[in-house]
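> Could you work out the structure for the sequence below:
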Amino acid sequence: MSEETLNQVNNALQALYSNVDSSVKKEASDFLQNFQRSQEAWSIVFPVLQNDDPSALQLRIFAAQTLRSKVNYDLSQVPRESLPSLKESILQSIIAFDTKQKLISTQLCIALANFSLQYLDWKNAVTEIVNALSATAVSSLLEFLQVLPEELSDVKKTPLTDEEFRVRSQELLTDNVEQVLYILTSFAGSKDSNGGSANSLVLSCLNSWIKEVPLDQVLTNNALCSLVFQGVLDVDTFEMSIDCLCTLIQETRDYDNLVVIKALYEQLMTLRPMITEDDPEQLEAFTRLFVEAGEAWHVYVAKMPEEFAPLADVLLQLTSFDEDLDIVKYTFYFWYALKQLIVMEKFAHSRQVYVPVYTKLLEVMISHLRYPVVEGNESTDSSVLFGDREREDKFKDFRYEMGDVLKDCCAVIGTDTALGIPLNILVSYVESKSRGVIVPWQQAEAAIFSLRAMAKEVGTSEQNVLPKIMTLLVQLPENPKTRYAATLVLGRYTEWTARHSNFLEPQLDYIIKGFQLADTEVNTAAAHALMYFCQDCSHLLINYLEQLFNFYNSVYASLDLKSLYEVADGIGHILREEKNKETLYNITLMFWKPTLETLQGFCDNIPKDKKTLEETHTKIADTIEVISAFVRVLKPRNSRDTEVPVAKIIVEVCWPLVAKLLSIYGESERVSERCSKFMKTSMQSFSLHLIPVISQTAELLVHGFEKFHYGCYLWVSGIFIREYSDEVVPAEIRESVWQFSIQQSSNFMRFLDERKSNLANYPDLVEDFFRMVSDILMFFPFKFVDSPLLTSSFSTALAALSTLTQVDPISNTLEFLIDLFSWGFETPPISFVDEVPAEVQLKLRQFTLQVGQELTTVLMTGLIYSFPYDCAPDASDLLSKIIKLSVSQNTPDAKAGLIWLDGSIQTLPTGSVNEKERLKLLATVETAINSKDFRRVRASIHDFVNWYSRKNINRNN
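Next up, the predicted model:
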């Protein structure tokens with residue numbers, strides 16, 4: 001170790017932890033990381049640790065972290081004959097730091113755990129460590145024993161093979177269970193004299209080993225069980241005791257010794273008197289504990305209610321606390337799991353036992369649903385009720401989670417009882433209001449919300465309670481919050497209303513009245529409810545079209561956009577009920593007329609100033625979406641119909657109007673996108689009925705991308721290809737679509753060639769392009785492989801994978817390549833193609849050999865450095881596929897995949913991959929290839945990438 005190196009390290013540490021410029025900190029951090037990976041780092045560790053200068057504490061911490069990192073990732077740098085002396089140095093350092101700096105001691109114990117794992121020749125390692133530390137470093141011994149199972153939790157964290165890891169885990173953990181249990185039992189036996197800190201260490205160690213020790217050996221060990229349960233009474237050991245109990249209970253999920261489980265359950269229930277709201281942190285811990293028990297033993301709770309019902313009572317008690325609803329949320333899964341069992345016929349008796357519990361639970365949930373009540377203030381203003389938006393949003397999100405529990409309650413106690421509880425609250429509310437008694441609106445609103453939450457559990461034939469509720473809802477005293485909630489309830493029960501038509505008119509009147517109130521929330525709820533009314537009661541509303549048209553005209557200009565779209569969607573469902581084609585044509589045109597006239601007005605009056613022009617762009621985009629909302633719904637019921645009135649309107653009126661809008665305002669991306677979306681929706685709804693405008697559509701898409709370079713023209717091109725390339729489409733049209741595909745792809749390639757150095761600026765375009773090309777490949781696979789598109793699209797894909805870092809474009813590019821190379825096999829990747837011609841297979845296999853090395857290197861580099869996590873499975877799948885394709889040729893190139901992998905490894909920084917890891921990957925992949933186990937090929941590549949990333953990129957995380 002040179003003095004100069006040590007000074008550099010010290011200076012970098014000072015820069016990292018001082019108030020200096022961020023660039024200086026980054027430079028210091030990079031230096032320290034690179035130093036930790038160097039061979040020289042070994043030389044500073046122990047001299048620095050032995051330096052007891054108080055001012056060198058930060059340096060000692062860094063040395064301990066470096067030792068841990070070096071042992072984890074770089075033990076191969078140490079000569080085999082030097083490992084025994086390294087072992088001794090680590091042990092002596094642990095002894096020296098016992099009960100001193102905790103952070104340093106922990107790093108040293110982790111280093112020793114990893115050293116003992118990787119030093120395969122070190123037999124009886126745990127016994128030797130116990131002997132070395134038990135006399136003078138008891139705290140460190142316990143900490144080492146605690147971290148050992150944690151460090152051995154996953155083979156992927158290590159450089160060992162699966163077999164080496166399995167054998168070493170057996171030697172270090174399984175073979176030492178008795179010894180560790182004896183040590184812990186000894187400490188537990190002297191718990192009264194240990195002190196809280198020592199007992200906490202013992203509990204922490206026990207918690208780590210519970211999964212390694214046979215459960216009955218822990219549960220029948222009086223000393224350990226006594227330590228765990230009595231630890232709950234001590235503030236120093238409370239948290240650790242709770243953690244231990246949670247782990248123990250978790251392990252009983254697959255444990256079938258009912259006698260032992262009952263004994264544990266009985267001891268657990270002795271803790272119930274300690275549950276209070278006085279200490280929120282303690283309450284949270286007890287909730288965690290009893291929820292763990294409830295989830296682990298919910299089958300016993302269902303099977304043996306006479307014995308286990310008290311556990312459900314405890315969880316109901318915990319659910320009832322309302323100071324911290326985040327804690328209440330812990331219990332929700334238990335109620336669901338128990339419900340899933342007791343609604344079964346064989347648990348009918350248990351269900352009756354738990355009906356009172358779930359009845360009370362429903363009442364508790366309705367209580368939790370209430371908005372905050374401000375004393376003496378009936379305001380519905382959220383700023384008054386919550387104080388800030390974050391609290392309000394959190395409360396609203398939590399309400400929807402509570403809704404699932406309400407559904408569970410309804411399933412257990414039955415619809416009549418479940419609906420009766422909020423009904424009684426509403427009846428009481430109305431009666432109190434009628435007597436002039438001041439009752440907070442929050443009570444009624446919570447009851448109404450619960451009705452909405454339980455709707456899925458209520459059948460459409462229910463006729464005992466719902467008629468009373470529906471009658472009452474439309475007569476509630478006026479309040480914006482209760483009207484909002486009641487309106488949404490009406491929208492949720494529209495299927496019921498469709499079967500009880502006598503309630504239709506008063507409900508519809510109530511909803512439409514909501515549009516007349518000066519309250520945005522109520523207006524929005526009314527639009528939402530009306531949409532569902534129109535969807536589910538369309539056959540009942542066909543006779544109300546005249547009234548609905550007058551209503552539509554009256555609200556058209558005043559509704560917010562989302563509400564307008566929902567109303568349009570709803571009315572579209574009613575129009576769809578019209579059987580007479582001429583009437584449908586006329587009435588659809590009547591409803592569309594205000595929108596079409598507005599759009600025509602934009603064509604006739606082009607703004608001159610920039611601000612007005614931008615406002616017009618927004619208005620055009622928002623307005624055309626109204627027609628799209630109708631079109632989505634009005635698709636023909638029978639695709640074989642020769643005369644489709646709505647398609648006729650689209651061809652004769654809408655398409656020319658859209659073309660004109662694009663010619664005038666197409667430079668606006670928003671206008672282009674909404675017009676493209678309209679074309680997409682129309683093609684998906686009416687497909688072959690739009691053949692009269694197919695040439696115009698192709699021209700609009702090609703010209704649009706040529707002129708404006710917006711991605712919407714590409715993704716709609718994909719829809720166009722998909723809709724008009726199927727076998728049912730006439731051959732001459734399919735051929736014209738193929739020519740369109742080549743032209744649009746060439747447009748994109750030309751655009752990209754002009755800007756190749758700036759590809760990173762166009763991730764969305766790349767995504768849309770590969771969506772489109774995937775559609776071309778799906779419908780024209782053989783033409784695609786035999787055209788210039790094969791090489792040009794592949795080159796673009798390589799450039800995208802090498803440059804971009806966003807999930808969607810990379811994912812779409814990978815999916816395209818997977819589809820492309822899949823055509824190299826005998827079995828087609830899609831069901832509507834019977835076989836792959838031999839010449840297509842041969843061409844793709846030859847192409848794979850040409851590009852395999854370059855593609856493998858790009859994929860490996862991306863997996864290690866740049867691909868988002870979600871893209872890794874597709875990248876590994878693609879690698880596996882091209883390797884499989886190369887092997888399938890049965891030529892001297894059958895091992896080409898191994899050569900590609902090795903070549904990609906050679907491009908990684910020098911020294912970042914040791915020979916052992918390189919050979920391990922290649923050997924594993926070769927074995928998998930020889931056994932045709934390509935799933936194992938993917939797994940091996942995945943494991944290597946994870947190992948490399950941990951060692952060279954994320955080792956400090």
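
> Need the nearest residue in space to residue 224, chain neighbours excluded.
residue 188 (5.1 Å; Cβ to Cβ, 6 or more residues apart in numbering). All C-beta atoms are positioned from the backbone trio N, CA, C, and that covers glycine.

> and that neighbour, what does it touch?
Going by Cβ atoms under 8 Å, 6 or more residues apart in numbering, residue 188 touches 202, 221, 223-224, 226-227.

> And it, what's its pLDDT?
pLDDT, residue 188: 87.

> Quick check: which element contains it?
Residue 188 is part of helix 177-189, with elements assigned from DSSP states H and E.

> how about that helix: buried residues?
If you call a residue buried by 16 or more other Cβ atoms under 10 Å, then helix 177-189 has these buried ones: 180-181, 183-185, 187-188.

> what about residue 108, how many neighbours?
Neighbours of residue 108 under the rule other Cβ atoms under 10 Å: 28.

> Then the one 10 residues further on?
The local packing count at residue 118 equals 19, with neighbours defined by other Cβ under 10 Å.

> list the contacts for the closest residue to it other than its chain neighbours?
In this structure, residue 118 finds its nearest non-sequential neighbour in residue 75, 5.2 Å apart by Cβ to Cβ, 6+ apart. Residue 75 makes contacts with 114-115, 118-119, 159, as judged by Cβ under 8 Å, 6+ apart.

> so which of those residues comes closest to residue 803?
Closest approach to residue 803 among the contacts of residue 75 (Cβ to Cβ): residue 159, at 32.0 Å.

> re earlier: closest to residue 807 out of the contacts of residue 188?
Of these, the one sitting nearest to residue 807 (Cβ to Cβ) turns out to be residue 202, at 46.1 Å.

> Spit out the contact partners of the closest one.
The contact partners of residue 202, by Cβ under 8 Å, 6+ apart, come to 142, 184, 187-188, 191, 194, 227.

> same check, this time on residue 350
Residue 350 sits in contact with 302-303, 305, 341-342, where contact means Cβ under 8 Å, 6+ apart.

> And residue 44, by the same measure?
Contacts of residue 44 by Cβ under 8 Å, 6+ apart are 1, 5-6, 9, 63, 66.

> Now it: which helix or strand?
Residue 44 belongs to helix 41-49, assigned by DSSP H and E.

> With just CA atoms, put that helix into CSV.
Written as CSV, here are the backbone C-alpha positions of helix 41-49 (Å, rounded to 0.1, in the frame of the first residue of the first chain):
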residue,chain,number,x,y,z
ALA,A,41,-7.7,-2.3,-2.9
TRP,A,42,-6.8,-5.5,-1.1
SER,A,43,-3.6,-3.9,0.2
ILE,A,44,-5.3,-1.0,2.1
VAL,A,45,-8.0,-2.9,3.9
PHE,A,46,-6.4,-4.4,6.9
PRO,A,47,-3.7,-1.6,7.5
VAL,A,48,-6.6,1.0,7.6
LEU,A,49,-8.7,-1.2,9.8
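
> list the buried ones in that helix?
For helix 41-49, using 16+ other Cβ under 10 Å, the buried residues are 41-42, 44-46, 48-49.

> try stretch 689-700
For stretch 689-700, burial by neighbour count (16+ other Cβ under 10 Å) applies to 689-691, 693-694, 697-698, 700.

> can I get those residues in a markdown table with secondary structure and pLDDT?
Shown next, in a markdown table, are those (DSSP: H, G, I helix; E, B strand; the rest coil; pLDDT from 0 to 100):
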| residue | secondary structure | pLDDT |
| --- | --- | --- |
| 689 | helix | 94 |
| 690 | helix | 95 |
| 691 | helix | 94 |
| 693 | helix | 96 |
| 694 | helix | 96 |
| 697 | helix | 97 |
| 698 | helix | 97 |
| 700 | helix | 97 |
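
> What is the most widely separated pair among these?
Maximum distance among the buried residues of stretch 689-700 (Cβ to Cβ): 17.8 Å, for 689 and 700.

> care to break the protein down by domain?
The chain breaks down by the TED database into domains covering 594-731, 755-956.

> Quickly, which of those domains bottoms out on average pLDDT?
When those are compared by mean pLDDT, domain 755-956 comes last with a mean of 90.

> which residues in the stretch 301-450 of the chain form helices?
Listed from the start of the chain, the stretch 301-450 of the chain has helices (DSSP state H, counting those that start in this stretch) covering 305-320, 325-329, 332-342, 348-369, 382-386, 389-413, 415-434, 441-453.

> among those, which is the most enclosed?
Highest mean neighbour count of the helices of the stretch 301-450 of the chain: helix 441-453, a mean of 24 (counted as mean count of other Cβ atoms under 10 Å).

> name the helices or strands packed onto it?
helix 348-369, helix 389-413, helix 415-434, helix 480-492 (3 or more Cβ pairs under 8 Å, 6 or more residues apart in numbering; DSSP states H and E).

> Can you tell me which of these is nearest to residue 542?
helix 480-492 (19.4 Å).

> What mean pLDDT does the closest one get?
Across helix 480-492, the average pLDDT comes to 96.

> Can you dump the C-alpha atoms of it in PDB for me?
Presented in PDB, the C-alpha positions along helix 480-492 are these (Å, rounded to 0.1, in the frame of the first residue of the first chain):
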ATOM      1  CA  PRO A 480     -73.900  18.000  -3.700                       C
ATOM      2  CA  LYS A 481     -71.900  15.200  -2.100                       C
ATOM      3  CA  THR A 482     -74.900  12.900  -1.500                       C
ATOM      4  CA  ARG A 483     -76.300  13.700  -5.000                       C
ATOM      5  CA  TYR A 484     -72.900  12.900  -6.500                       C
ATOM      6  CA  ALA A 485     -72.700   9.600  -4.700                       C
ATOM      7  CA  ALA A 486     -76.400   8.700  -5.400                       C
ATOM      8  CA  THR A 487     -76.000   9.500  -9.100                       C
ATOM      9  CA  LEU A 488     -73.000   7.100  -9.300                       C
ATOM     10  CA  VAL A 489     -75.000   4.400  -7.500                       C
ATOM     11  CA  LEU A 490     -77.800   4.700 -10.100                       C
ATOM     12  CA  GLY A 491     -75.200   4.300 -12.800                       C
ATOM     13  CA  ARG A 492     -73.800   1.200 -11.100                       C
END
